[in-house]
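Chemist: no FASTA, just this:
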């Protein structure tokens, strides 16, 4: 679960940028998800703080400014520990260009170290797999 949330959080900024470049503005969907999270976080609750922080950092990185401020307020008031972790994630992300594949991978590697995430974390080379699939489908060389 944590790995999926971690990878989603790191891969959404370039994905949303790609969608926007293709004519699809994903901001309404991102903000809608953020509205839901603001509502959930505006009441006391318990849960895995790391999982919550990874999920919420995704919103904080991608939602509109107004939604971001509301979510930060709710987290600070009702989920302060998740907010501390999410803030650390945002701080680390600001050191990297998340739109660059190499920089995005470096961000993930640094974040795993900074958060002292348990378990073994590996980075799959999905780009090579996708290139092979394109060649197979189109019959062309990249």
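Modeler: Received the coordinates, thanks. The shown structure was predicted, so the numbers you read here are calculated from the model rather than taken from an experiment.

Chemist: give me the contact list for the longest helix along the chain.
Modeler: In the chain, assigned by DSSP state H, the helix with the most residues is helix 2-21. With contact meaning CB atoms under 8 Å, 6 or more residues apart in numbering, helix 2-21 is reached by 25-27, 30, 50-51, 54-55, 57-58, 61-62, 89, 98-99, 101, 104, 107-108, 111, 117, 119, 121. Where you see a C-beta, it was placed from the backbone N, CA and C, and this is true even at glycine.

Chemist: so what's residue 44 up against?
Modeler: By CB under 8 Å, 6+ apart, the neighbours of residue 44 are residue 78.

Chemist: over to it. Which of the three states is it?
Modeler: coil (DSSP: H, G, I helix; E, B strand; the rest coil).

Chemist: can you pull the pLDDT of it?
Modeler: At residue 44, the pLDDT value in this model is 76.

Chemist: please apply the same query to residue 84.
Modeler: 94.

Chemist: and the gap between it and residue 115?
Modeler: Using CB to CB, to the nearest Å, residue 84 is found at 11 Å from residue 115.

Chemist: quick one, which of those two is more surrounded?
Modeler: Neighbours were tallied for residue 84 and for residue 115 using other CB atoms under 10 Å; the higher tally belongs to residue 115 (17 against 14).

Chemist: tell me who's in contact with that one.
Modeler: Contacts of residue 115 by CB under 8 Å, 6+ apart are 50, 85, 88-89.

Chemist: ranking by neighbours, what's the top pick from those?
Modeler: residue 89 (25 neighbours).

Chemist: which residues of the protein fall in helices?
Modeler: Assigned by DSSP H, the chain shows helices spanning 2-21, 27-41, 49-62, 65-78, 80-93, 101-114, 126-138.

Chemist: which of those is buried the deepest?
Modeler: Of all the helices of the chain, helix 49-62 has the most neighbours on average by mean count of other CB atoms under 10 Å, namely a mean of 22.
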